[in-house]
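J.: I'll drop the sequence and a predicted model, then ask my questions.
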Amino acid sequence: MSKSLGWAAAGLLVAAFLAVDPFTTNPDVARWIVVSLLAGVAMVRWAVGAWKDGLYIRTHNLLALAFCSYAALTLMWSPDPKEGALRVIKLLTLWVVFVFAQGLPKALVCRAVSVAVCLSLASYVIWPEVWGLFGNENFQAEFLLIALPFCLFGGVIGLVALTGSVYWLVIETVSDTPAAALAFTLLVCAGWYVVKKRQWFIGCLLVLVPLNVAVLTGWGLRYELARAVVNRLELGFNTIMVWLQNPVVGNGAGSFNYLYPQFQESHLRWFPWADTTLHPATVFAGAAHNEYLQALSDFGVVGVLIIGLALYSIAKRSWGHKVTWETRVGWASLVPLAATCCTGFPLQNPATALLGCLALAFIASPVPAGSPVRSRSRLRFLPSGLLERLAR
């Protein structure tokens, strides 16, 4: 990849994280436009490369594309195919960026993320009401948490971004997202010690000590926190009721906001003493605030299995090989992303969804030893040697 193309991609990455529309308070449209431009650059690059060297697609990229294809297929039975089509277009755009990012210089990507973090923090200092150009304290907190590992390898600008992010997340933020990410990380570490190391004492210590601190200090007993937890439990329970209408193949891409109002009080049949989150009843939830349950509702067991196969194929790329700093950055970014997927919808926000694609690209980038050389004469697909084996 040429140096100029790499710098152009880095500039588009920064713009994709922070682009805003001056005529609206929602930055998503402007950022999706920039992400689409980045995908367009990638496709032009592929066209030139395919003309010269042929097209080379690996298994994990094909599996990710298979999920996008299945998402498109669900439009056939989605109750809101228009919204679903928009979701599918975004999925395909992110897939193109994911494949393209695997060939980008990783140090340059880390610097681009660091620059975006610094600009976001600077905008917060100048204009706190816009929350770092994200419009919401939770969205900004999610972005900074997922971006932290990239900043570690962003050079001097990365050190500045890292310092500012830690200060904002610890001192300035009013969001509970950092605490949720910390709790999720401690649970993962505790599970690892119990399952892998068989050290029950350390596992229990990692859970019970922070839990006691939260309770004894009163932080974990706040009404606002309790209400946020109850609201998400309600949304999650009712989303499961939506999923049960079509559990195998899902209700279709873009179906959540169409179907959820029909089930938003389903929990009252099981818990008649409970309240309901949405007042009045005409208010839309917008998202399940749990990406796992919403994916299950939209795409069913079939879609979730395809996602799982794609993620397994990506993770397998880093197994059995020397652990590089790129792999560590990717896994470290996925931990807070997985945590925020339990309480929010980071995969529906362009900035955090793009960070997730970059993290996966960092994990998928290492080329295993003994990989075949790219064919220069014809179109070639992986699994490697599949066409040759079929021809025998």
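T.: Arrived safely, thanks for sending. Numbers count the residues shown, from 1 in each chain.

J.: quick one: contacts for Tyr124?
T.: Val130, Trp131, Gly132, Gln140, Trp168, Glu172 (C-beta atoms under 8 Å, 6 or more residues apart in numbering). Every C-beta, even on glycine, is put in place using the N, C-alpha and C of the backbone.

J.: so it is in which element?
T.: helix 106-126 (DSSP states H and E).

J.: between helix 106-126 and the helix or strand following that helix, find me the angle.
T.: Sequence order places helix 137-151 as the next helix or strand after helix 106-126, per DSSP H and E. Orientation check (axes from the mean of the first three to the mean of the last three C-alpha atoms, to 10 degrees): helix 137-151 against helix 106-126 gives 140 degrees.

J.: mean confidence for the helix or strand that helix 137-151 is followed by?
T.: Sequence-wise, the next helix or strand downstream of helix 137-151 (DSSP H and E) is helix 155-167. Here helix 155-167 scores 95 as its mean pLDDT.

J.: gap between helix 155-167 and the chain center?
T.: Centroid displacement of helix 155-167 relative to its chain, using C-alpha atoms, centre = their mean, to the nearest Å, is 22 Å.

J.: now stretch 217-228
T.: Chain-centre distance of stretch 217-228: 27 Å, with C-alpha atoms, centre = their mean.

J.: next, the buried residues of it.
T.: For stretch 217-228, the neighbour count (16 or more other C-beta atoms under 10 Å) marks Gly220 as buried.

J.: got the contact list for that stretch?
T.: Outside of stretch 217-228, the residues within contact range by C-beta under 8 Å, 6+ apart are Asp176, Ala179, Leu211, Ala214, Val215.

J.: highest neighbour count among those?
T.: Taking other C-beta atoms under 10 Å as the neighbour criterion, Asp176 ranks highest of the contacts of stretch 217-228 with 19 neighbours.

J.: okay, the contacts of stretch 217-228 in CSV with distance to Ala359 and secondary structure next?
T.: Listed next are the contacts of stretch 217-228 as CSV, based on distance: C-beta to C-beta, whole Å; DSSP: H, G, I helix; E, B strand; the rest coil:
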residue, distance to Ala359, secondary structure
Asp176, 23, coil
Ala179, 21, helix
Leu211, 28, helix
Ala214, 28, helix
Val215, 33, helix
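
J.: number of residues surrounding the closest residue to Asp80 other than its chain neighbours?
T.: Spatial nearest neighbour of Asp80, chain neighbours left out: Tyr258 (4.1 Å); criterion: C-beta to C-beta, 6 or more residues apart in numbering. Residues lying near Tyr258 (other C-beta under 10 Å) number 18.

J.: so what does the one helix or strand Tyr258 maps to touch, helix or strand wise?
T.: Under the criterion of DSSP H and E, Tyr258 resides in helix 256-259. Judged by 3 or more C-beta pairs under 8 Å, 6 or more residues apart in numbering; DSSP states H and E, helix 256-259 is in contact with helix 223-243, helix 291-316.
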